[in-house]
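**Q** sequence? don't have it. structure:
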Ligand SMILES: Nc1ncnc2c1ncn2[C@@H]1O[C@H](COP(=O)(O)OP(=O)(O)OP(=O)(O)O)[C@@H](O)[C@H]1O
């Protein structure tokens with residue numbers, strides 16, 4: 001695979017000095033679906049707008065298929081399709097004209113066969129002569145996607161594709177996105193639904209307070225979900241894991257008051273007995289123990305809270 005989008009140390013401060021992006025670096029591989037998860041105000045929309053050249057970066061660089069978004073705006077922008085969060089369509093225009101004009105805006109020659117194909121894939125062909133205002137909310141979202149695809153971009157950004165969409169339509173949207181990927185389009189979507197990232201993404205990135213906290217293969221993240229955690233509460237807080245316990249791969253819990261041991265539930269030997277013996281031998285006194293299943297949601301919440309993990 002080759003890198004289609006390369007973001008390097010991207011910073012954005014808004015007028016007034018608020019720093020919405022604090023040095024974001026991210027490489028996107030051609031043909032992948034990357035879900036960018038983050039709470040409200042994390043900087044997801046700012047990142048997309050800056051990458052698409054709608055907002056100017058304070059510093060850093062963005063290259064789309066080798067073209068710099070600042071110095072080679074037209075060449076870079078042509079590679080990108082953007083599906084915004086808000087529905088910003090002309091209500092009295094027909095579906096057909098909406099996509100046709102959008103292609104024209106990019107200076108692309110008329111290609112009715114291509115537009116027919118896009119509308120068919122998005123189940124909008126029957127609606128091509130309808131005015132946008134006659135369509136349901138879910139269909140309007142599909143028109144936004146058709147519009148974003150009309151100039152044949154290689155990278156498609158979907159900003160909160162299922163915001164305000166009911167569960168059934170959300171699943172439909174997931175199918176549409178997977179099909180688009182089959183046709184070779186690279187997709188970056190933002191969401192605050194973990195479920196959505198799980199359903200679609202190849203890789204998951206977590207962003208909070210303008211920083212990328214993690215980018216990982218979804219399958220690796222999911223593998224972690226098959227793990228259980230044993231938390232050993234201590235009577236006295238500690239600042240470091242004793243050297244004699246290093247082999248157990250422990251983490252220190254909040255305020256140093258516990259040790260957290262992750263183990264595979266399906267493993268024949270969990271290693272718990274040895275661990276507890278070694279903890280006692282290290283002179284640590286236990287006040288309690290508990291176990292819990294870790295989930296992608298836990299990982300996300302921990303990261304976003306910025307607590308030690
Ligand atoms: N034009 C602007 N001027 C000043 N601050 C802004 C501007 N646009 C966004 N911000 C601030 O930048 C931060 C990031 O906003 P952004 O919209 O990128 O977050 P987001 O992750 O997309 O959030 P949401 O999930 O709510 O859409 C927020 O604190 C927001 O208030």
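**A** In hand now; what should we look at? Every value quoted in this text rests on a predicted model; they were computed, and no experiment measured them.

**Q** what packs against the helix or strand hosting residue 277?
**A** Assessed by DSSP states H and E, residue 277 sits inside helix 272-281. On a contact count with 3 or more Cβ pairs under 8 Å, 6 or more residues apart in numbering; DSSP states H and E, helix 272-281 meets strand 227-234, strand 258-264, strand 286-293. C-betas here are computed from N, CA, C, even on glycine.

**Q** one more time with 7 Å, if that's ok
**A** With contacts defined as 3 or more Cβ pairs under 7 Å, 6 or more residues apart in numbering; DSSP states H and E, helix 272-281 has these neighbours: strand 258-264.

**Q** contacts for the strand it packs on?
**A** For strand 258-264, contacts defined as Cβ atoms under 7 Å, 6 or more residues apart in numbering pick out 226-234, 241, 248, 250-253, 270-272, 275, 279.

**Q** what's the spacing between the helix holding residue 277 and its chain's center?
**A** 39 Å (Cα atoms, centre = their mean, to the nearest Å).

**Q** can you check stretch 182-196 too?
**A** 7 Å.

**Q** and for stretch 124-133?
**A** Using Cα atoms, centre = their mean, the offset of stretch 124-133 from its chain centre is 31 Å.

**Q** repeat that for stretch 150-159.
**A** Distance, stretch centre to chain centre, for stretch 150-159: 16 Å (Cα atoms, centre = their mean).

**Q** so who does whatever residue of the stretch 101-250 of the chain ends up closest to the ligand touch?
**A** Going by Cβ to the nearest ligand atom, the ligand is nearest to residue 192 of the stretch 101-250 of the chain, at 5.9 Å. Counting by Cβ under 7 Å, 6+ apart, residue 192 makes contact with 37, 38, 39.

**Q** so which of these sit within strands?
**A** residue 37 (DSSP state E).

**Q** are any of the contacts of residue 192 buried, and which?
**A** Buried subset of the contacts of residue 192 (neighbour count, 16 or more other Cβ atoms under 10 Å): 37, 38.

**Q** so who does the spatially most central residue of the chain touch?
**A** In the chain, the residue lying closest to the centroid (Cα atoms, centre = their mean) is residue 36, at 1.5 Å. For residue 36, the contacting residues are 44, 188, 190, 205, 207, by Cβ under 7 Å, 6+ apart.

**Q** and the ligand, which of those residues contact it?
**A** residue 44 (Cβ under 6 Å from any ligand atom).

**Q** mind putting the contacts of residue 36 into JSON lines with neighbour count and pLDDT?
**A** Below are the contacts of residue 36 laid out as JSON lines (neighbours: other Cβ atoms under 10 Å; pLDDT from 0 to 100):
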{"residue": "44", "neighbour count": "25", "pLDDT": "92"}
{"residue": "188", "neighbour count": "26", "pLDDT": "96"}
{"residue": "190", "neighbour count": "26", "pLDDT": "91"}
{"residue": "205", "neighbour count": "23", "pLDDT": "92"}
{"residue": "207", "neighbour count": "25", "pLDDT": "91"}
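
**Q** just to be sure, which of the contacts of residue 36 are found in strands?
**A** Among the contacts of residue 36, the members falling in strands (DSSP E) are 188, 190, 205, 207.

**Q** do I have it right that the third one meets residue 33?
**A** Right, the one you point to is residue 205. No. Under the criterion of Cβ atoms under 7 Å, residue 205 is not in contact with residue 33, lying 11.4 Å apart.

**Q** overlap in contacts, those two.
**A** Joint contacts of residue 205 and residue 33 (Cβ under 7 Å, 6+ apart) do not exist.

**Q** for this structure, which segments count as strands?
**A** 3-13, 19-29, 33-37, 59-64, 67-68, 80-83, 155-159, 186-191, 203-208, 211-217, 227-234, 251-252, 258-264, 286-293.

**Q** show me which residues of the first one are buried.
**A** Within strand 3-13, the residues that count as buried by 16+ other Cβ under 10 Å are 4, 5, 6, 7, 10, 11, 12.
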